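Novice: Return atomic coordinates for the entry below.
(2 chains)
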Amino acid sequence: MTQTIDISSYSAITDAIRNEARRILSDSTVSAVIGYTAGRRKGSTQPIVITTADDADQLIFSAACLNDLVVYLTKAKKDVPKGGRIGIVVKGCDLKALVGLLGESQLKRENLYLIGIPCSGVLGSLLKPAAELTTETIASKCCECTDQLPVGCDFVPTVTPTPLPDLEKRYANEIARLEAMNPSERWEFWKEQFSKCIKCYACRQVCPFCFCEQCLCDRNRPQMVEQTPRPLGNTAWHLMRAMHLAGRCAGCGECERVCPMDIPLNLLNRKMAKELKELFNSEAGFEVREAGPLTSYREDDDQSFIR
Amino acid sequence: MSRIGVFICHCGENISRTVDVEQVAAQAALMPGVAFAVDYKYMCSDPGQNLVKNAITEHRLTHVVVAACSPRMHERTFRKAVEQAGLNPFLCEMANIREHCSWVHEDREEATDKAIEIVGMLVERVKKNRVLPTITVPVTKRALVIGGGIAGIQAALDIADAGHQVVLVEREPSIGGHMAQLSETFPTLDCSQCIMTPKMVDVANHPNITLHTYSEIEQVDGYIGNFQITVRKKARSVDEHKCTGCGVCMTKCPQKKIPNSFDCNLGTRTAIYVPFPQAVPNVPVIDRENCTMFKSGKCGVCQKACGPGAVDFEQQDQLIVEPVGAIVVSTGFELYRITEKTKGSPIKGYGEFGHGKIPDVIDGMTFERLASASGPTGGKIQRPSDGKEPKQVVFIQCVGSRSREKGISYCSKVCCMYTAKHTMLYHHKVHDGQAYVFFMDARVPGKSYDEFWRRAIEDEEAVYIRGMVSRLYQKGDKIVVMGSDISVGVQVEIEADLVVLATAVQPQKGADLLAQKLGISYDKYNFYSEAHAKLRPVECATAGIYLAGACQGPKDIPDTVSQASAAAAKVMTLFAKDKLEREPIVARVKESGCVGCFACKKVCAYGAIEEKEIRDRQGNLVKVVAYVNPGVCAGCGTCQATCPSKSVELDGYTDEQIVAMIEAL
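Specialist: Sure thing, here's the model as predicted:
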């Protein structure tokens, strides 16, 4: 049964964001605010960087605010001023990525003003941005969300997020389906998925954790990853991506959303996250970690894989 | 353009038996970039090295590959030779065709093919080697000695006499170790205390020795020449500087019935105590577990009795950081306690001997305390159960040792001699007594050792029975010993008053934990491993750390003292230089690619990675990147494996080189 999800709180959230942005820009708490604004098509949204209090009314929040804006803090920062404190609108999933970047010395907390969203869920796709948010259209990541209310922000609108109805846990179910396969069947599944890749690297560009100035796959001395989209090089790239994100990925799901070939990239990331949770009891959260599970060693680490 | 020389060693027959070395040379000569290839019987010998040197000049070689044994064995040898011929030593690489090839294969043709592949890989790798300048680091001319038994004392005195500062750390309240517990020592029967205590006093009085007793190693940082040692000085509850060692506190202490572990629990001591009268330092320590003040908060008698006001119940553990350049590990041994079966240990125990259940079944160290003039009985041989003088004493050798089935396959080395000594001491003190010894075989090599053992049998009337004991049991006030005499093939049954077990020598408890702090290797019994059994017997594989005494394996006093002096000599050799040369195989950061995530810093076990600010000409901060301190880097390569953008690389093992090697296959 398709059920509508109540997002009536989003208009109150929009008002609260505007007021807060106006305030922090006019008293020079921040030099810019990164948020969402309405897009050209009805219902669509796009990221915006505002630097004056007058522009605050351009900010909105709706079920079509899918982007993880954190990526603008590290690399896609053309319009983000270099100096001063920056305000940013974050959902719970985005905040986990931001916290990860704090732990990896990419951001400093004192340079940020975090505007948290009490999130009731967003759409799975922007193809129909004006669509109603229902148990069908909601993003897969929202189905398994436990972090609707961000923690540790400078400002959060006093709105209670709508408790999510009992949704089908799409990733968990899919992981269970893959785990039930034998290794060769599983390999066939991923081979098929990776063969679709056209090496556009949209997944890399949209990922907040892919912050390297020069990606390993752009290096040619030695060439680690084949650059033409062929099955072997594609597999190398996706395995490398999965390994580099293991223990870091916060699950914003942007890679999967932007993939033009519909490769289930977040499924791979969720599987890695599950492994790390089981092996090292470690998962992305709201607390800054000194070192991730794969960059730290503890005497009681599971070593059963050494045979 | 590379002009590579390839030198293929026969290693006598070690390599040439399975690998057709001539064919390897012929094939190597055809490899791109190779200007010269030759095989020779012993490349590491003087003529072999000269062959390399001459070829470098004659053929104007730019790089050298030596196809021989493991680089652990002779990399240094050949790099030195190459340097003497005027090439940078790091333009020479070893292709391991012995351990990786000839020793592990039988088929000559296949092994030869593999050897050619290995050489091919190294040829590709060496082309990308860079000229590396040697790194020099300063040496802190100050040594740490861990463990204050005879080994540690000897090493500390030797180093201190050479004019260097020594920090001696001992876990117990006094130095002296096991030797201080012994009665008389083989093969000359001189009193252990008489030869030991002057050395202990020398340590206490030596201006170059800093003594930390009742202390343990908390943390070890740094590397050869530049270690930072954190020592935990446990709260003694007595101020070492105020205490005069008068001993009034001990006479006043109301807790008088605590078993004295120094006397193998035969005697008792007070809660504030020195382990034995000749202790160094002669400063008591309060055993907080048994002290009334610490248990109930009421008492403080010792504090009231102490004239100088040295007793301090509030004292806390202190952490002291000592910078040192070299470490001697001399943590010694303990006896195998057959009653204590450790969970998960492969050692199965000897329940059939009743140790711990039958009071008159004791171990060798307990007998030492019985025979010692300063022991609980004043040197009279008395049974622990009723204090009677035993008339029949059975000594059982190899208890725990030399039994694979029971978990310890090694020989404890000292038991044959000390049991012979025990029979003599017994005979000297109980003239009408009879000593029996069950033994497998007598292992008494050593100067004057065989004579000593023969004397026990021929002059001192000990009866040696070749065979093992199957069972012991109490019968009235006697202990029935059932064994076999395999030389005549009969069962033997002796009614003994006292049974002494020569239990196995084991490393100290926690030896493995200390090894992990130090980063040294140890064997399955937790004995510390030397770098090379024959040629580097006192050095650890970890640079700057040396071994002395029974922590490396069972040893008697003469061997222990020799090894301690040898370790001291190694330390002095190190301290003879003002600067150390280090291999420049260290990691380097490519700052252009580094994004400063510092994953490398988090995984670096050596603390070699620092944060470095990059600024433009106006002084504006551009970014913060990782920087590898070449003096600290150990070249393990963990940072390289961790860096997501591959912006840090280990010289000599760059990704480019590894890929080149793979592509050569």
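Novice: so B:Leu189 touches B:His422, yeah?
Specialist: No - with contact defined as CB atoms under 8 Å, B:Leu189 does not reach B:His422; the gap is 11.5 Å. Every C-beta, even on glycine, is put in place using the N, C-alpha and C of the backbone.
Novice: the more surrounded of these two?
Specialist: Higher neighbour count among B:Leu189 and B:His422: B:His422, with 28 against 13, using other CB atoms under 10 Å in any protein chain shown.
Novice: Check which element follows the one helix or strand the more buried one maps to along the chain.
Specialist: Assessed by DSSP states H and E, B:His422 sits inside helix B:415-429. Counting by DSSP H and E, the next helix or strand C-terminal to helix B:415-429 is strand B:434-439.
Novice: what angle sits between that following strand and helix B:415-429?
Specialist: Angle of strand B:434-439 versus helix B:415-429, following axes from the mean of the first three to the mean of the last three CA atoms, to 10 degrees, is 180 degrees.
Novice: what helices or strands is strand B:434-439 leaning on?
Specialist: Applying 3 or more CB pairs under 8 Å, 6 or more residues apart in numbering or on different chains; DSSP states H and E, one finds that strand B:434-439 makes contact with strand B:392-399, helix B:415-429, strand B:463-466, strand B:478-485.
Novice: Name every strand pairing with the shortest one and say which way it goes.
Specialist: Taking DSSP bridges as the criterion, strand B:463-466 pairs within the sheet with strand B:434-439 (parallel).
Novice: For the strand it pairs with, which outside residues touch it?
Specialist: Here strand B:434-439 makes contact (CB atoms under 8 Å, 6 or more residues apart in numbering or on different chains) with B:391-398, B:416, B:419-420, B:422-423, B:426-427, B:460-469, B:481, B:483, B:494, B:496.
Novice: and the angle from that strand to strand B:392-399?
Specialist: 20 degrees.
Novice: Return the alpha-carbon coordinates of strand B:434-439 using PDB.
Specialist: Once non-C-alpha atoms are left out, strand B:434-439 reads as follows in PDB (Å, rounded to 0.1, in the frame of the first residue of the first chain):
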ATOM      1  CA  GLN B 434      71.400 -40.400  51.100                       C
ATOM      2  CA  ALA B 435      70.700 -38.500  47.800                       C
ATOM      3  CA  TYR B 436      69.200 -40.200  44.800                       C
ATOM      4  CA  VAL B 437      68.900 -38.600  41.400                       C
ATOM      5  CA  PHE B 438      66.600 -39.700  38.600                       C
ATOM      6  CA  PHE B 439      68.000 -38.500  35.400                       C
END
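Novice: Strand B:478-485 and that strand, what's the angle between them?
Specialist: Interaxial angle, strand B:434-439 versus strand B:478-485 (the same axes, to 10 degrees): 50 degrees.
Novice: For residue 82, give me its contacts.
Specialist: Going with chain A. Contact criterion CB under 8 Å, 6+ apart gives no residues in contact with A:Lys82.
Novice: try chain B instead
Specialist: Here B:Val82 is in contact with B:Val52, B:Lys53, B:Ile56, B:Val64, B:Asn88, B:Pro89, B:Leu91, B:Cys92 (criterion: CB under 8 Å, 6+ apart).
Novice: one step back: okay, buried residues for the helix holding B:His422 please.
Specialist: Neighbour-count burial for helix B:415-429, with 16 or more other CB atoms under 10 Å in any protein chain shown as criterion, is recorded at B:415-427.
Novice: Just give me the neighbour total for the nearest residue to B:Ile258 once chain neighbours are set aside.
Specialist: Closest residue to B:Ile258 apart from its sequence neighbours, by CB to CB, 6 or more residues apart in numbering or on different chains: B:Asn290 at 5.0 Å. Around B:Asn290 there are 18 other residues, counting by other CB under 10 Å.
Novice: residue contacts, B:Asn290?
Specialist: B:Gln255, B:Ile258, B:Ala271.
Novice: Out of those, which is nearest to A:Glu20?
Specialist: B:Ala271 (66.6 Å; CB to CB).
Novice: got the phi/psi numbers for the closest one?
Specialist: Main-chain torsions, B:Ala271, degrees, to the nearest 10: phi -80, psi -30.
Novice: hang on, isn't it packed against B:Pro259?
Specialist: No - using CB under 8 Å, B:Ala271 makes no contact with B:Pro259, being 12.0 Å away.
Novice: Return a PyMOL selection command for the buried portion of the contacts of strand B:434-439.
Specialist: To isolate the buried members of the contacts of strand B:434-439 in PyMOL, using 16+ other CB under 10 Å:
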select buried, chain B and resi 392+393+394+395+396+397+398+416+419+420+422+423+426+427+460+462+464+465+467+468+469+481+483+494+496
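Novice: quick one: the strands in the stretch 101-250 of chain A?
Specialist: A:112-116 (DSSP state E, counting those that start in this stretch).
Novice: residues from it in reach of chain B?
Specialist: A:104-106, A:211-216, A:219, A:221-222, A:224, A:244 (CB under 8 Å from any CB of the partner chain).
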